[in-house]
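> generate a structure from the sequence data that follows.
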Amino acid sequence: MILNSLILSDKSREIDEMDEEFQLMYLTSIIVDSAFNFFKIERITSDKGKPPFELKDMIKLIFYGYINKITSSVVLAHNAKFNYLYNLISHAIEPKDRTIRDYREDFQGIFKFIMSFILIVANKLGLTDFEHIAIDGTIKKAYNSPFNIIKEKDISLLIRHYMVEELSKNEIKQLRRTARKFLMDNSLSDEEKVDILFHWWQLLDYSGQVSLALNDHDTRLMKIKDKGQKYPKFAYNIQLGTDTKSKLICGVNAVQNPTDHYQIPALMNQILVNLQLKPQKISTDTIYSTLANLQYLEEIDITALIPTKQQNRQNSGNQPDNPFAIDYFVFDEYKNVFICPEKQELTLDGSYPAPQEKGGGNKIKLVYSNYTACKKCKHKGTCHTTNHRTITRYVHEVTYKVERLMSTEEGIKDYKLRSKTVEAHNGTFKRIYDYDHIPIIGLKRVQNLMFAIVASYNLIRLFNLIKINKMDLNSVINAIRFI
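Residues are numbered from 1 along each chain as shown. I've put the predicted structure just below:
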């Protein structure tokens, strides 16, 4: 490699004697070279016109920029010209900021392969076996002003204005600012406006929401925490799967669904491809405990560590103050009864098919009660306000299996690894990369951005793991070349 000889001859030192900044840059270059070879990434070009920059050099430059938290193409172009390390890793190319933006637009998907290769390297080096993956979701705010939106009601009124009868002055006054601005725009014909309005209507119909972000149509309204309160804002739901041992991120999926209920299959399919092996355990919080998710994990033979709401409260010591809450009714699985705080048994009253879950099968609804005991109970009116207390339980073979596992010491111990794993990188993405304010719109572009950010995060993490384990960097690099 030209880069290898340049570094060693210029510094006349062994790799381990170089400054960490040089070591990280050198490892970055080797990872990109090896990822291109491993996945056989090539660029097909024509002989016409000015020869483009070497793709690998541009990817190295962009990747090294992300590693150093540079997301601006203008800043990166400046560093490519005046910073020795950036100049060295990219073989002295000096692209304009517009060129960098174009390459990011066209080739950012390559970072998915680089991300995957880093994970394969970590496994081959014995740094982790990816036995246990913790899954969690975070929110990336849309690059869209909160005022640059249009509501379904306004679209309906505007369609009526152009196709049925003109709106009155009072109706125009009641339109949101964006709708009034659209109405007063003289650069478009009425026919063009109608086409746009019906397109917006179709987008709203597809999303199932009542508001549309005009700068980024792909975003959806999601509840975002701000100073302790939750507010609906346009955003993307970013799903992440992280190895509990190495803290390497194994998969990232940008989705439009505001909830996490059905996100495991898509994310896990990506993780399996990225790792090229199968984890043994998956841990998530309670919201992922749907039949669709659990049946998927059962089919691919991966253990699910997902507590029920009651187990989650018990394990976190956050049980309710009400002494008659369901948390204090103990279920005896051998007798199939609930034992209330007064030691009375609530027996099975009946079983019914529950409504079918989205993407899954049917649970069985079980109802437990003890009319006689409740009628005589001294807590009547406190424990229950009706004639007697009933406990409803929804069961299915796969949910019961997971619930039993999460009641064991082993299940509780394994699940505790999750909280130590999933929080750190979420803060890193928001604070250091400031990804909420990167001017990128569209689901596909946001997905590719997350691949690039996660790949850079993983590269830094891999470098730190090599140092923590006191591995010889020269030996590591030689090993990477043979993967």
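
> okay, now the unreliable bits of this structure?
1-18, 45-51, 359-360, 424, 426-427 (pLDDT under 70).

> can you pull out the strands in it?
With DSSP state E as the criterion, the chain has strands at 132-141, 149-151, 211-213, 220-226, 229-243, 249-255, 281-283, 303-305, 330-332, 337-339, 345-353, 364-369, 390-395.

> got a markdown table for those, with mean neighbour count and distance to S72 too?
Yep, even glycine has a C-beta here, placed from its N, CA and C like the rest. Converted to a markdown table, those look like this (neighbours: other CB atoms under 10 Å; distance: least, CB to CB, whole Å):
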| stretch | mean neighbour count | distance to S72 |
| --- | --- | --- |
| strand 132-141 | 22 | 18 |
| strand 149-151 | 20 | 27 |
| strand 211-213 | 23 | 23 |
| strand 220-226 | 16 | 25 |
| strand 229-243 | 20 | 21 |
| strand 249-255 | 24 | 21 |
| strand 281-283 | 24 | 37 |
| strand 303-305 | 21 | 40 |
| strand 330-332 | 13 | 57 |
| strand 337-339 | 19 | 60 |
| strand 345-353 | 13 | 57 |
| strand 364-369 | 17 | 55 |
| strand 390-395 | 15 | 51 |
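
> okay, how far is it across stretch 179-191, tip to tip?
Across stretch 179-191, the terminal residues are separated by 16 Å (CA to CA, to the nearest Å).

> list the contacts of that stretch.
150-151, 154-155, 157-158, 161-162, 167, 172, 175, 193, 196 (CB atoms under 8 Å, 6 or more residues apart in numbering).

> 7 Å instead, please
150, 154, 158, 162, 172, 175 (CB atoms under 7 Å, 6 or more residues apart in numbering).

> cool, and stretch 388-401?
Under CB under 7 Å, 6+ apart, the answer for stretch 388-401 is 291, 294-295, 298, 326, 329, 338, 346, 354, 363-371, 374-375, 383.

> give the burial count for N37, as a bare number.
12 (other CB atoms under 10 Å).

> tell me the spacing between the residue of the chain positioned farthest from its centre and Q344.
Taking CA atoms, centre = their mean, the residue of the chain most remote from its mean C-alpha position is K376, at 52.0 Å. Distance from K376 to Q344, counting by CB to CB, to the nearest Å: 9 Å.

> what's the answer for Y394, then?
In terms of CB to CB, Y394 sits 23 Å off from Q344.

> surely Q447 and A254 touch.
Yes: using CB atoms under 7 Å, Q447 is in contact with A254, at 4.4 Å.

> now E403, nearest residue through space, not along the chain?
T308 (5.8 Å; CB to CB, 6 or more residues apart in numbering).

> show me the contacts for that neighbour.
So T308 contacts 286, 289, 403 (CB under 7 Å, 6+ apart).

> can I get those in JSON lines with distance to K140 and neighbour count?
Shown next, in JSON lines, are these (distance: CB to CB, whole Å; neighbours: other CB atoms under 10 Å):
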{"residue": "T286", "distance to K140": "23", "neighbour count": "14"}
{"residue": "S289", "distance to K140": "24", "neighbour count": "21"}
{"residue": "E403", "distance to K140": "33", "neighbour count": "20"}
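
> of those residues, closest to V74?
Nearest to V74 among those: T286, at 44.4 Å, using CB to CB.

> wait, the closest one touches Q310, no?
No: if you go by CB under 7 Å, T286 and Q310 don't touch, sitting 9.4 Å apart.

> which segments of the protein make up each domain?
If you go by automatic domain parsing, the domain ranges for the chain are 2-45+52-126+448-481, 149-213, 309-405.

> centre of the chain to the last one, how far?
Okay, so that is domain 309-405. 33 Å (CA atoms, centre = their mean, to the nearest Å).

> sorry, back to before: tell me the most buried of the domains of the chain?
domain 2-45+52-126+448-481 (a mean of 18; mean count of other CB atoms under 10 Å).

> for it, what is the distance to the chain centroid?
That offset, for domain 2-45+52-126+448-481, works out to 24 Å (CA atoms, centre = their mean).

> the nearest residue to H261 once chain neighbours are set aside: neighbour count?
Counting by CB to CB, 6+ apart, H261 lies nearest to T290, which is 5.1 Å off, once chain neighbours are set aside. By other CB under 10 Å, the residues close to T290 number 21.

> next one: T290 from Q263, what distance?
T290 is 10 Å from Q263, by CB to CB.

> was I right to think K233 contacts D226?
No: counting by CB under 7 Å, K233 sits too far from D226 to count as a contact (8.2 Å).

> quick one, helices of the stretch 251-400 of the chain?
264-275, 291-299, 309-316, 371-376, 397-405 (DSSP state H, counting those that start in this stretch).

> with distance to K60 added, can I get those helices in CSV?
CSV is the format used below for those (distance: least, CB to CB, whole Å):
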stretch, distance to K60
helix 264-275, 21
helix 291-299, 37
helix 309-316, 44
helix 371-376, 72
helix 397-405, 44
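
> so which of those helices gets nearest Y86?
Nearest to Y86, of the helices of the stretch 251-400 of the chain and by CB to CB, is helix 264-275 at 27.6 Å.

> can you give me the buried ones in the closest one?
264-265, 267-268, 270-272, 274-275 (16 or more other CB atoms under 10 Å).

> any idea how far L248 is from S116?
S116 is 11 Å from L248, by CB to CB.

> could you do F107 as well?
For F107, the distance to L248 - CB to CB - is 23 Å.

> now swap in L277 and tell me
Taken as CB to CB, the span from L277 to L248 is 13 Å.

> quick one, which of these two is more surrounded?
L248 (27 against 13).

> pretty sure the more buried one is touching L119, no?
Yes: using CB under 7 Å, L248 is in contact with L119, at 6.1 Å.

> mutual contacts of those two, please.
Both L248 and L119 lack any common contact, where contact means CB under 7 Å, 6+ apart.

> centre-most residue in the protein?
With CA atoms, centre = their mean applied to the chain, the nearest residue to centre is Q239, 1.7 Å.

> name whatever forms a beta bridge with it.
Note on Q239: beta-bridge partners by DSSP bridges are G137, N253.

> that one touches V255, doesn't it?
Yes: between Q239 and V255 a contact is recorded at 6.2 Å, counting by CB under 7 Å.

> Throw the domains of the chain into CSV and include distance to T421, thanks.
As requested, the domains of the chain are exported to CSV (distance: least, CB to CB, whole Å):
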stretch, distance to T421
domain 2-45+52-126+448-481, 12
domain 149-213, 32
domain 309-405, 16
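
> out of these, which is closest to V422?
domain 2-45+52-126+448-481 (13.5 Å).

> now do the phi/psi pair for F39.
phi -100, psi 0 (degrees, to the nearest 10).

> right, and it touches F113 too?
Yes: using CB under 7 Å, F39 is in contact with F113, at 4.6 Å.
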